[in-house]
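In: Pasted the sequence and its predicted model underneath.
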Amino acid sequence: MINLIKTGQHDQLEIEKKANSLQGKISIPGDKSISHRALMLGAIASGETVIEGLLLGEDPRSTAKCFQAMGAQISELNSEKVILRGIGQKTLQEPLNILDAGNSGTTMRLMLGLLASQPDKFFIVTGDDSLRSRPMARVINPLQQMGALIYGRNNHKNAPLAVMGQNLKPIHYHSPVASAQVKSCILLAGLMTEGKTTVTEPALSRDHSERMLQAFGATLEINPDTHSVTIEGKIELHGQTVIVPGDISSAAFWLVAGAITPNSDLTIENVGINPTRTGILEALMMMGAEITLENERETAGEPVADLRVKSSKLKACTIEGAIIPRLIDEIPILAVAACFAEGTTIIKDAEELRVKESDRLTVMATELNKMGANITELPDGLEITGGVTLKGSEMDSYTDHRIAMSLAIAGLNAEGKTVINRAEAASISYPTFVDTLISLTNHR
């Protein structure tokens, strides 16, 4: 029913026919956001850090390679146990070569906060074609306000970027966007800077950095009413044991698959349900999805649960405003859910998706419309009229991992054969996605 075909440098995913049901229990990879931060904080902390459940995707591998190049001792990456010997905050070594962040915007943007605050040290950072086209001004501008010296293409907006580390000054930055990457970059720069550095956002973004910085010994003041966080600089971090929960962004594909595939009953085990990330659960429940949280618990400061989803009759809704930063990565798969919902779903305030690994608004509208969907692209979102039968088509991932996986779930519920070109993109955040897809559809 499902075949992965190697075609030169790329993979082609073929889904021969519509799935009858999805049943069983599955595990998902570790949370990507937490994996990045565990590697970074472990690298700059004193002592030993142990990471269990690390995501083995390409993005965390890019983070590990960058920090190894700056002197961190990191054992071979695996999902059981990774051991880091920290090098201390002010002793990042000048790398002998250019730091390569690959496809990872998180690696580049967060790392810039650390590099900019290393006095008298020089770094060059680049990435793949996609990352070199993505905007870096959103982190460079506040870092320059702190006194950073960063130079790059397109008037210092795009990588490759050259960084000459400085003694920075603390600031209170009012971010025009609710972005965990922007916030985390400034907090990491503030960690190295004498005094108190504050970031205020227009809405709440994910708070993995704050939770983990506190776990490693940083001093933070958090004001949820004003969406502000303050970090005190020059506080030494100490190595910790970090247990990475399953990534709710990865779980989202199976939550939607279970909701829209007939006769389904799926349990996704050990999923992080951090309140700043559960917008996907709220949106799907607004649409009428039957999702229950089981075995709720806490692991290393992060709330965790098993998520059970059953096939449901979905209805349209409007997704906008403060919830958007809490589900920004899940909007591509929410667009798929909306195709199967009764009525017209409106997604607004999501212009951030235009500067991800691809322009996800244009790509999802274009590719799903090839299948017969009824989607109109808005300047900041999508208008999706559901209830149309999707038909298999040949589509492209645009080398974007979330596009590849979202289209696969759409293909699983389309009449006829679906072909997704450059499907290997899924491995960036979910190396076992296709294997899980095959195992679920083979289950009888």
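Out: The structure has been received and is ready for your questions. Numbers count the residues shown, from 1 in each chain.
In: which residues sit against stretch 202-210?
Out: Residues from elsewhere that reach stretch 202-210, judged by CB atoms under 8 Å, 6 or more residues apart in numbering: 31, 33-34, 37, 110, 175-180, 183-184, 187-188, 220, 222, 224, 227, 229, 274, 276-277, 302, 321-322, 324-326. To be clear about C-beta, it is placed using only N, CA and C from the backbone, and glycine gets the same treatment.
In: repeat for stretch 429-440
Out: Contacts of stretch 429-440 (CB under 8 Å, 6+ apart): 2, 4, 13, 19, 22-24, 26, 28-29, 32, 55-57, 59, 247, 249-250, 253-254, 257, 266, 401-402, 405, 408, 412, 423, 426-427.
In: What distance do you get for A252 to V229?
Out: Separation of A252 from V229 (CB to CB, to the nearest Å): 26 Å.
In: Ok, I428 next?
Out: Going from I428 to V229 by CB to CB gives 28 Å.
In: hang on, the earlier thing: okay, A252 and V229: which has more neighbours?
Out: Using other CB atoms under 10 Å, the more surrounded residue of A252 and V229 is A252, with 32 against 24.
In: Now the phi/psi pair for that one, please.
Out: Main-chain torsions, A252, degrees, to the nearest 10: phi -60, psi -40.
In: Which entries within the contacts of stretch 429-440 meet the buried criterion?
Out: Buried subset of the contacts of stretch 429-440 (neighbour count, 16 or more other CB atoms under 10 Å): 2, 13, 19, 22, 26, 28-29, 32, 55-57, 59, 247, 249-250, 253-254, 257, 266, 401-402, 405, 408, 412, 423, 426-427.
In: burial measure for M1, as a count.
Out: Residues near M1, counting by other CB under 10 Å: 14.
In: can you pull the contacts of it?
Out: Applying CB under 8 Å, 6+ apart, we find M1 in contact with 15-17, 19, 441-442.
In: T362 too?
Out: 354, 377.
In: Quickly note the distance from it to P60.
Out: Taking CB to CB, one finds T362 at 28 Å from P60.
In: Likewise for N223?
Out: Taken as CB to CB, the span from N223 to P60 is 31 Å.
In: Give me the domain ranges for this protein.
Out: 2-30+245-442, 32-243 (automatic domain parsing).
In: In a markdown table, list those along with mean pLDDT.
Out: Putting these into a markdown table (pLDDT from 0 to 100) gives the following:
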| stretch | mean pLDDT |
| --- | --- |
| domain 2-30+245-442 | 95 |
| domain 32-243 | 95 |
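In: circling back to that earlier point, give me the subset of the contacts of stretch 202-210 lying in strands.
Out: If you go by DSSP state E, those have 220, 222, 229, 302 in strands.
In: residues contacting the third one?
Out: Looking back up the chat, that one is V229. 183, 187, 198-199, 207, 210, 220-223.
In: Most neighbours among the residues you listed, please name it.
Out: K183 (27 neighbours).
In: ok, it touching S175?
Out: Yes - using CB atoms under 8 Å, K183 is in contact with S175, at 6.7 Å.
In: Common neighbours of those two, please.
Out: 199, 201.
In: gap between A322 and N442?
Out: For A322, the distance to N442 equals 41 Å [CB to CB].
In: These two: who's more crowded?
Out: Neighbours per residue (other CB under 10 Å) separate A322 from N442, with A322 holding more: 13 against 9.
In: show me the residues around the more buried one that make contact.
Out: A322 touches 203-204, counting by CB under 8 Å, 6+ apart.
In: distance of it from I384?
Out: 21 Å.
In: What of E394?
Out: According to CB to CB, E394 and I384 sit 21 Å apart.
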